[in-house]
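Asks: Sequence first, predicted coordinates after that:
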Amino acid sequence: MKSPLNSPHLLTSYLKRYWYLYVVAIMFITIANITQSYFPKVLGDFTDHLQQRNITESAIVRYSLLLLFIGVFYGVLFGFGQYMVMRLGRQFEFFTRRRLFRHFTTLSENYYSKHGVGELLSYVMNDVTSVRESISQGINHTTNAVILIISVIVMMSISSIPFYLILISIAPLLAIPWVVVFFGPRIRNRSKKVQEALAKMTESAEEQFGGIRVTKKFAVEEIMRNRFGQTVDRIRDNQLQLVRISSLFQALLPFLGALSLIVTIVLGGYLTIRQHITLGNFVSLTLYLRMIVNPLQQIGNVINTMQRSRASLERINNLLAVKPDIRDAEQAKPLDLSSAGIRIRNLTFSYPDSNKEALRDINIDVPPGKTLGIIGKTGSGKTTLVKLLLRIYDPPEGTVLIGGQDIREVTLESLRSQIAYVPQDGFLFSTTIRDNIAFYNRASEMSAVETAAKQAQIYDNVIEFPDQFETKLGERGITLSGGQRQRTSLARGFIKNAPILILDDSVSAVDAVTETKIIENVRLVRKDKTTIIIAHRISALKHADEIIVLDEGRIVQRGTHQQLLAEDGLYASLYSIQEEGTRYAEGK
């Protein structure tokens, strides 16, 4: 089904799609309130008959049944109308959260580097809930209040109550528009500050929970409490500012209603004593004005809620207006990478908002089915190169080609679906080991999952668990050790069996023996398929057809393992240091 929220203007597009359901709900509420407005008139007529002492038992029964009918009819219609509006509000919440998550998946890494997880969660939780409450309670209460007030005024006008008495009685209510105009923008601005403070608090909480183990190991709980407390204090200050002005606003409207009721009692009571109006008219007028007080309070609540939600809606619309940095070109075409080589020509790249060049004048050729090894110091640009191959960031036009095609001109789906990337951190999801390995294709056969686990040297560890491959992992795979997480992530790369495999320091957390077995499996499994291995340990990539050495974003050496050892350069130095460390560890 086509989403009603493809437009970035969420509320407008949603209301346009479901306007007819809202009309039906409003009709139910309208008819219910018109019916309710007859209640004071019926009671006033009954009072007049009672005062004139000509009331009969049949009249009492008739008035009682009429009041019962009004109550039941109002309850049924208002209940249906309220249910429809509330249901539509929950549906809006559902669609909006799906729409936001879909939008999140299109945004680039550059966006996430500037916005924390907590801030994004605040959009999904706090802002969406605020808007949903406004369209649910807002439509319910506004329709209920407006229609009831209009109905009451009409009923008073067509009754025998003098018009001047009605006008004087409702005079205090005429100040309401000025009160709304004065307080509305101020409530909205303060609400926006509250929502922004909530986003900061959520971001801080997410960070604190994520790093709770580090906090405990360093015994800095007090520092973390103080840091989180600062964000809570900021919310408290903003909330108190909002509460002060909201409370004053919400108190003013019922006060005007109460003032109107006081005028009615004083003036109406005087006119009743003087017999200018009947006792029934006085009772009706009093009840009519009493009925207005509650809707006025509802209007105050609605305006308050809508001003708050307007700030949230503005934040959501601004988020949806953000265009992804990385997206398909208009003429982008899918590309088959099954027999495609990689060519990088004169690549120079700097990260957004940075003047420093992360890569400079990079030239690489990887023929189809060959293995490229990349080594270098930390920060030399190894992972940056991989990000450009995957178009996590866009390389300069014409600098990165796969199969002779500029990767900026191919679809992102065809590019990334044919590259298996295994990062160093080995992120795992809070689901089963099987689902984590078969992440790319959850329909994978169990035999394929087991084969990938064996290739990644994680199979023996998995079968030791009581539930084996159905073992549920904790958040981010915390159930497993660092080496087990990395090997599970490696199995996820193997099972994809993609034309291009990129291992980004993916065996750094395993011992030398396990590393040797994994690399041997890579050589066997990836025969005649393109593989790029990034590593700090030379043992992980010395079998590569070509090895490039990066230093400060430049290629300073290239060649086979033997060729590079024969040169007096960074590669030979690294090899010497690592070999010395190995001999020392072995006690030689």
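Replies: The structure has been received and is ready for your questions.

Asks: State the three-state secondary structure for I161.
Replies: coil (DSSP: H, G, I helix; E, B strand; the rest coil).

Asks: what about the strands in the stretch 201-350 of the chain?
Replies: For the stretch 201-350 of the chain, the strands defined by DSSP state E, counting those that start in this stretch occupy 342-350.

Asks: ok, which stretches of it are helices?
Replies: In the stretch 201-350 of the chain, the helices defined using DSSP state H, counting those that start in this stretch lie at 212-217, 221-273, 279-320.

Asks: do the same with the stretch 351-500 of the chain
Replies: 382-389, 412-416, 433-437, 446-455, 459-462, 482-496.

Asks: any chance of those in CSV, with mean pLDDT and distance to L359 too?
Replies: (C-beta placed from N, C-alpha, C; glycine too.) Converted to CSV, the helices of the stretch 351-500 of the chain look like this (pLDDT from 0 to 100; distance: least, Cβ to Cβ, whole Å):
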stretch, mean pLDDT, distance to L359
helix 382-389, 87, 6
helix 412-416, 85, 19
helix 433-437, 83, 32
helix 446-455, 85, 32
helix 459-462, 83, 37
helix 482-496, 82, 24
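
Asks: mind checking which of those is nearest V23?
Replies: V23 lies closest, by Cβ to Cβ, to one member of those: helix 412-416, at 41.0 Å.

Asks: what sits up against the closest one?
Replies: Outside helix 412-416, the residues that touch it by Cβ atoms under 8 Å, 6 or more residues apart in numbering are I326, R327, D328, A332, P334, L335, D336, L337, L390, R391, I402, I407.

Asks: By neighbour count, which of those residues wins?
Replies: Within the contacts of helix 412-416, I402 tops the neighbour count with 23 neighbours, counted by other Cβ atoms under 10 Å.

Asks: For F427, grab the count of nearby residues.
Replies: F427 has 11 nearby residues by other Cβ under 10 Å.

Asks: shouldn't it be in contact with T488?
Replies: No - using Cβ atoms under 8 Å as the test, F427 is too far from T488 to be in contact (10.1 Å).

Asks: Can I take it that K114 is in a helix?
Replies: No - checked against three-state DSSP, K114 lies outside a helix; its state is coil.

Asks: still on that earlier bit, out of the helices of the stretch 351-500 of the chain, which comes closest to P352?
Replies: helix 382-389 (12.2 Å).

Asks: what about stretch 554-571, average pLDDT?
Replies: Taken as a whole, stretch 554-571 carries a mean pLDDT of 84.

Asks: Contact partners for A491?
Replies: I437, V449, A452, A453, Q455, A456, I458.

Asks: so can I have JSON lines of the residues you listed showing neighbour count?
Replies: Putting the contacts of A491 into JSON lines (neighbours: other Cβ atoms under 10 Å) gives the following:
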{"residue": "I437", "neighbour count": "28"}
{"residue": "V449", "neighbour count": "22"}
{"residue": "A452", "neighbour count": "25"}
{"residue": "A453", "neighbour count": "26"}
{"residue": "Q455", "neighbour count": "22"}
{"residue": "A456", "neighbour count": "29"}
{"residue": "I458", "neighbour count": "26"}
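
Asks: Adding distance to V24 as columns, could you present these in a markdown table?
Replies: Formatted as a markdown table, the contacts of A491 follow (distance: Cβ to Cβ, whole Å):
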| residue | distance to V24 |
| --- | --- |
| I437 | 50 |
| V449 | 51 |
| A452 | 55 |
| A453 | 56 |
| Q455 | 60 |
| A456 | 58 |
| I458 | 58 |
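
Asks: Phi and psi next, for D551.
Replies: D551 adopts backbone torsions of phi -150, psi 120, taken as degrees, to the nearest 10.

Asks: give the contact list for L390.
Replies: L415, R416, I419, Y421, I502.
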